[in-house]
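Colleague: Okay, structure incoming, though there's no sequence with it:
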């Protein structure tokens, strides 16, 4: 079971608490300005006192966020703060003009703001608080126009739900990206980054609780010979089988990671040195069938008290095990048995390309559908005899149809270059339709006037600011135009509604930008090899597919180079894994410096690198790389040319791998220290 560090969790909680405090201050500040600006109206002093309490409470929440985040009651404190905010907003609405007054949208607006920072289950409590507060304002405040509470309640509920859904989708995407960034794509085990993070967390827990933790390192016997005699594909299948067998032997709180190449590590919390001996022997017997291995273990706190010390002790014992055993490479039959024994793993929490974009495109469509359904409900139930009923129905049906078209076509739009102009046209149509409906209904202070502004926060949450920003300004301009030309909405009503929407839109934009920054970081981590900083297997496969598609479209050539370092295993055995890691980093840096910037370098695992060339003669490049790398290590390089040798990665890889082994000679297998 993978766990994030305590510090990361607390930082996330602190950010959520501070965001809630900041968003809770928005209605308080607007209410304070409104109370002062309309001082001659009744109840302004108690309204000012209410807003002062709300501001003070929000400031206290901001300052104490770090301390609250460290308690187990943080979510209840956050919900209590939301309750105070709702109660204050309800008091302001009751003291002013009810739900149809300038301050009447504070409660539903607060629900929308909390939807983007509150966990989904906790948000149900927030929504219940908002509903209770809004109902109290509707009952105790001034009577609203017919249908006003119905339309505003449903409309804000829809946008809050869509914001909550969008935030949940983004959270799921980040979670799956985080898992992907910590998982080795070949074996399904933790990669080096993920294992080190898990090890650090377990050691911290063990030090606090005084419990033992055992680290087991294992190295497959003569794995290099499998690659050299049967090919890298057979070696990959053997590694996949090994990872499968190691994971099958785990308890729920254990962890297994692939450190690189044929090196694995296991983490056994709660296992002392005596029990570790039994685990090591059980693992040895389990792997003996297809991939015999040398193993070494170290236990906290008996052998060392930090990760570096445990690794050193376990590595020393592993090499003593190597020296004490007669090691043989697995036979071809054993490797074939491993291939047959690899079971298809369950579907990983994959991150589909364009997933975020597809959701961001579909959400405005859903917003249009829900808005128009609310408008139709209002027309049918409340305004059945309205003079402009037919026009409002026609515009609502248009908005419903265009929104449905966007939802149904979201997948196609996410892959199309026409997505931006078509979505801009849709947004323009939706805002103009809402403004026209508000005009027919009698102005923005009437029930359907809310439609002009209400979708802006969702747009800012899901779309890029450079696209959503101009749309939001255009919608605000339309709202102001209708408000000044149609009906009798007060200046304060227009001001408070626009500023409240602007605050919500800003909050959503900041949340969206923060989520995008995390996605970019996690996406890079999930596709980059932690040791060498070149693309890993997953990242190279994605870039390969994109570059080959572009090469076919533009007519450019492409070639795949597969590189294998000669004698790398001997270096690891003679000088230790640290020396091997340093050489791998040098090779990766050298490859990137010797090929063109638009060529792609990746590490598939161990000492196996790949390069996708999109320019120049591939065989000349291979000769040059062999010469340059020869300064420190011998290297065998196989070349396969797109279309001439294969049409996809698997075909090119098979040809390049075969050519790589044709040029190998025992005399060339050396590494210079």
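Modeller: Sure thing, it's come through. Keep in mind it's a predicted model, so treat the numbers as computed, not measured.
Colleague: remind me which residues of the protein are low pLDDT?
Modeller: Applying pLDDT under 70 to the chain flags the ranges 1-9, 343-354, 573, 577, 664-673.
Colleague: and if we set it to 50?
Modeller: Within the chain, the ranges that satisfy pLDDT under 50 run 1-6, 346-350, 666-673.
Colleague: for the residue of it positioned farthest from its centre, helix, strand, or coil?
Modeller: Largest separation from the mean C-alpha position in the chain: residue 40, at 51.3 Å (CA atoms, centre = their mean). Using DSSP: H, G, I helix; E, B strand; the rest coil, the structure places residue 40 in coil.
Colleague: Quick one: name whatever helix or strand follows the helix or strand residue 625 falls within.
Modeller: Per DSSP states H and E: residue 625 is located in helix 618-629. Of the helices and strands lying after helix 618-629 in sequence (DSSP H and E), the nearest is strand 635-641.
Colleague: Tell me what angle that next one forms with helix 618-629.
Modeller: 160 degrees (axes from the mean of the first three to the mean of the last three CA atoms, to 10 degrees).
Colleague: Strand 635-641 - contacts with which helices or strands?
Modeller: Strand 635-641 sits against strand 559-565, helix 618-629, helix 649-662, with contacts defined as 3 or more CB pairs under 8 Å, 6 or more residues apart in numbering; DSSP states H and E. Any C-beta I mention is one placed from the backbone N, CA and C, and that applies to glycine too.
Colleague: what does that strand contact?
Modeller: For strand 635-641, contacts defined as CB atoms under 8 Å, 6 or more residues apart in numbering pick out 557-566, 587, 618-619, 622, 625-626, 629, 646, 651-664, 668.
Colleague: Just the buried ones out of those, please.
Modeller: 558-566, 587, 618, 622, 625-626, 629, 646, 652-657, 659-661 (16 or more other CB atoms under 10 Å).
Colleague: hey, where'd the helices end up in the stretch 1-150 of the chain?
Modeller: Listed in chain order, the helices found in the stretch 1-150 of the chain under DSSP state H, counting those that start in this stretch are 6-37, 44-63, 65-69, 74-95, 106-115, 120-140, 148-181.
Colleague: out of these, deepest packed?
Modeller: Most buried of the helices of the stretch 1-150 of the chain by mean neighbour count (mean count of other CB atoms under 10 Å) is helix 106-115; its value is a mean of 28.
Colleague: what angle do that one and helix 6-37 make?
Modeller: Angle of helix 106-115 versus helix 6-37, following the same axes, to 10 degrees, is 160 degrees.
Colleague: helices or strands up against helix 106-115?
Modeller: helix 6-37, helix 74-95, helix 120-140, helix 148-181, helix 491-527.
Colleague: nearest to residue 401, of these?
Modeller: Of all the helices and strands packed on helix 106-115, helix 148-181 sits nearest to residue 401, with 17.8 Å by CB to CB.
Colleague: following that closest one, which helix or strand comes up?
Modeller: Counting by DSSP H and E, what follows helix 148-181 is helix 192-209.
Colleague: Flag every buried residue along that following helix.
Modeller: 192-199, 201-203, 206.
Colleague: if we can go back for a sec, let me have the helices and strands packed on helix 106-115 in JSON lines, extended by distance to residue 582.
Modeller: As requested, those are arranged in JSON lines below (distance: least, CB to CB, whole Å):
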{"stretch": "helix 6-37", "distance to residue 582": "29"}
{"stretch": "helix 74-95", "distance to residue 582": "44"}
{"stretch": "helix 120-140", "distance to residue 582": "46"}
{"stretch": "helix 148-181", "distance to residue 582": "23"}
{"stretch": "helix 491-527", "distance to residue 582": "22"}
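Colleague: Packing partners of whichever strand or helix holds residue 299?
Modeller: Assessed by DSSP H and E, residue 299 sits inside strand 293-300. Using 3+ CB pairs under 8 Å, 6+ apart, the elements in contact with strand 293-300 are strand 213-220, helix 273-288, helix 307-324.
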